[in-house]
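Peer 1: Give me coordinates for this.
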Amino acid sequence: MAAGSSAAGPDRAAHRFRTFRGRFGTPVAYGLALLSAGGCTFVALAATGQGADTANRVAIIVFGLLGAVIAWRFGAVRAIPDPEGLTVVNYASSRRLAWPEIVTVRFGPNDPWVHLDLADGDVLAVMGIQRADGEHGMAEARRLVALVAELGEAPDRT
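Peer 2: All right, here's what the predicted structure looks like:
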């Protein structure tokens, strides 16, 4: 029985610290990135006629690749928890937080994603937990609240 309990421990810890990621937005963004790059490349290479010179072909491919990069960044939003803290990766930036830096987790009814109130007075959006994911997003917000409550207490310095 003890062996079964120890086997469940790592599974529970792995589940607890799994990455927060959008359920629908991530695959849609990655699919859009592939469609943008592939579609524009196909159009550029298949185009014939008066406007199908090399400069236009290159411009269409570059436009498709730029759209793919932007969509890929939308798909990359996530929050990665571990025993020491939380790494929040948003569209244009990422930030590493120790658990005691997080004061409050907010997910109001009109918020598109979770917001963290930080000890330094900043507010940080966690775009990896999204209202668009419905009950899954709410469950993920509750999981983050539980992690902050458990690991976020600053140690006493007496």
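Peer 1: How is this structure partitioned into domains?
Peer 2: Domain segmentation of the chain under automatic domain parsing yields 25-74, 77-151.
Peer 1: Burial-wise, tell me which of these comes out on top.
Peer 2: With neighbours defined by mean count of other Cβ atoms under 10 Å, none of the domains of the chain is more surrounded on average than domain 77-151, at a mean of 16. (C-beta placed from N, C-alpha, C; glycine too.)
Peer 1: For that domain, measure first residue to last.
Peer 2: 23 Å (Cα to Cα, to the nearest Å).
Peer 1: Go ahead and confirm residue 85 touches residue 95.
Peer 2: No - using Cβ atoms under 8 Å, residue 85 is not in contact with residue 95; the gap is 10.1 Å.
Peer 1: contacts for the longest strand along the chain?
Peer 2: Ordering each strand of the chain by length in residues (DSSP state E) puts strand 123-130 first. By Cβ atoms under 8 Å, 6 or more residues apart in numbering, the residues outside strand 123-130 that reach it are 19-23, 25, 77-79, 88-91, 95, 97, 107, 112-118, 137, 140-141, 144.
Peer 1: same thing but 7 Å
Peer 2: By Cβ atoms under 7 Å, 6 or more residues apart in numbering, the residues outside strand 123-130 that reach it are 20-22, 25, 77-79, 88, 90-91, 95, 112-118, 137, 140-141, 144.
Peer 1: what about the chain, any weak spots by pLDDT?
Peer 2: Within the chain, the set of residues satisfying pLDDT under 70 comprises 1-14, 154-158.
Peer 1: show me where it has helices.
Peer 2: Secondary structure of the chain by DSSP state H: the helices cover 2-16, 25-46, 54-75, 135-151.
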